[in-house]
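> what follows is a predicted structure for the sequence shown.
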Amino acid sequence: MQQHPDLQLDIRGDVAIVRLTRAAKRNALSDALILALRDTFDNLPGTVRAAVLDGEGPHFCAGLDLAELKERDAGQGMQHSRMWHAALERVQYGPVPVVAALHGAVVGGGLELASACHIRVADSSTFYALPEGSRGIFVGGGGSVRIPKLIGAARMTDMMMTGRVYNAEDGERAGFAQYLVPEGKAFDKALELAERIAKNAPLTNYALMHALPRIAEQPADHGFFTEALIAGIAQAAPDAKERVRDFLEGRAAKVSKQ
Ligand code: 1HE
């Protein structure tokens, strides 16, 4: 696979570290970079069990590369949005769970990218905004589907209508991130979590990535049925039987207060 100059892939054991390396442009996402993200998640080595997504420099991502926002007709605009959808779909429903390490600006398409990840770790420098509202455009990278699931449609409406910016603390309370850490510590925490996630039974991670969000969209009756199917599949795996035996025979860690 041809590596894009603004995207770096490092493999550390069973964790892939995917880093946006366009700090001079605040990691703004050009079309080529979006396609490189798609290809990277599509082609992760089979040994990888989890990934960290990070951004070089003081900001995670400034969103769409506004320099490329040229005159498009309605059809081209729709196709452009669909290209983002396809790429971020490979992040959310790709081969492995993705932990985003957030810092500085997580704005516009950068927030859409972060919301396609499974876990978000934010350091105290993080801020969240959707400047599309004031740029006369709309989200196009799946933000209207994913962001309300994190913070609710009312907060997203407010952000886009009024230009409201959430700081790291308010953002964590609102639901953007599951973890809030001191400045400069997001990557370390994200890597620690990814290494922990990589040790899970692959089928459990698969169920969390692929079944849980779909069950959450289903009517309750369908959801219960889908849950039963995936629960049956997961517990039948030899890996699950071994892990339960390890606990019963005193070889596995108990659940304990952190
Ligand atoms: C960019 C971009 C960009 C920076 N596209 N070039 N996103 C936005 O509307 C956010 C626009 N960016 C900003 O508000 C600020 O740049 C930041 C708050 C992210 C960072 O501020 P700062 O002071 O650290 O950096 P800067 O001086 O503003 O930017 C440094 C350089 O990056 C500068 O270029 P230079 O050649 O003058 O050095 C900026 O022009 C450039 N830059 N952000 C292009 N976004 C699927 S649809 C999604 C729709 C959206 O994402 S819309 C929201 C776009």
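All right, it came through fine. Numbering: from 1, shown residues only.
> C-alpha only now, for contacts and for neighbours.
Noted.
> three-state assignment of residue 222?
For residue 222, the assignment made with DSSP: H, G, I helix; E, B strand; the rest coil gives helix.
> once you drop chain neighbours, what's closest to it?
residue 215 (7.7 Å; CA to CA, 6 or more residues apart in numbering).
> before we move on, what about residue 23?
Sequence neighbours aside, residue 57 is the residue nearest to residue 23 in space, at 5.1 Å (criterion: CA to CA, 6+ apart).
> for that neighbour, phi and psi?
Here is the backbone geometry of residue 57 (degrees, to the nearest 10): phi 90, psi -170.
> before we move on, what's the pLDDT of it?
In the predicted model, residue 57 carries a pLDDT score of 98.
> could you pull up the contacting residues of residue 204?
Neighbouring residues of residue 204 by CA atoms under 8 Å, 6 or more residues apart in numbering: residue 234.
> any idea what it is structurally, helix, strand or coil?
Under the three-state scheme (three-state DSSP), residue 204 adopts helix.
> check it and give its pLDDT.
The model's pLDDT for residue 204 equals 95.
> how close does it sit to the ligand?
In this view, residue 204 and the ligand are 31 Å apart by CA to the nearest ligand atom, to the nearest Å.
> quick one: that residue from residue 213, how far?
Distance, residue 204 to residue 213, using CA to CA, to the nearest Å: 14 Å.
> what does residue 248 give?
Between residue 248 and residue 213 the computed distance is 31 Å (CA to CA).
> please apply the same query to residue 246.
30 Å.
> next one: residue 92
Residue 92 is 10 Å from residue 213, where distance means CA to CA.
> repeat that for residue 44.
Residue 44 is 22 Å from residue 213, where distance means CA to CA.
> quick one, which of the two is more surrounded?
residue 44 (18 against 11; other CA atoms under 10 Å).
> for that one, which three-state class applies?
Once three-state DSSP is applied, residue 44 turns out coil.
> residue numbers of the stretch 51-200 of the chain in contact with the ligand?
Proximity of the stretch 51-200 of the chain to the ligand is confined to 62-67, 81, 105, 108-109, 131-132, 139-141 under the rule CA under 6 Å from any ligand atom.
> hmm, 5 Å instead?
Applying CA under 5 Å from any ligand atom, we find that the stretch 51-200 of the chain lies next to the ligand at 62-66, 108-109, 132, 139-141.
> and the pLDDT at residue 130?
98.
> that one contacts residue 163, correct?
Yes. Between residue 130 and residue 163 a contact is recorded at 6.9 Å, counting by CA atoms under 8 Å.
> between those two, which one's more packed in?
Per other CA under 10 Å, whichever of residue 130 and residue 163 has more neighbours is residue 130, with 29 against 16.
> next one, pLDDT for the residue lying closest to that one once chain neighbours are set aside please.
Leaving aside its sequence neighbours, residue 130 sits nearest to residue 108 (CA to CA, 6+ apart; 4.6 Å). What the model reports for residue 108 is a pLDDT of 98.
> settle this for me: residue 108 is touching residue 135, isn't it.
No. Assessed by CA under 8 Å, residue 108 is found out of contact with residue 135, at 10.4 Å.
> who has more neighbours out of the two?
Set side by side, residue 108 and residue 135 show more neighbours around residue 108, with 25 against 10, by other CA under 10 Å.
> what residues are up against that one?
Going by CA under 8 Å, 6+ apart, the list of residues near residue 108 reads 62-64, 129-132, 139.
> who wins for neighbours among the residues you listed?
Top of the contacts of residue 108 by neighbour count (other CA under 10 Å): residue 130, with 29 neighbours.
> can you list the low-confidence ranges for the stretch 51-200 of the chain?
Nowhere does the stretch 51-200 of the chain drop to pLDDT under 70.
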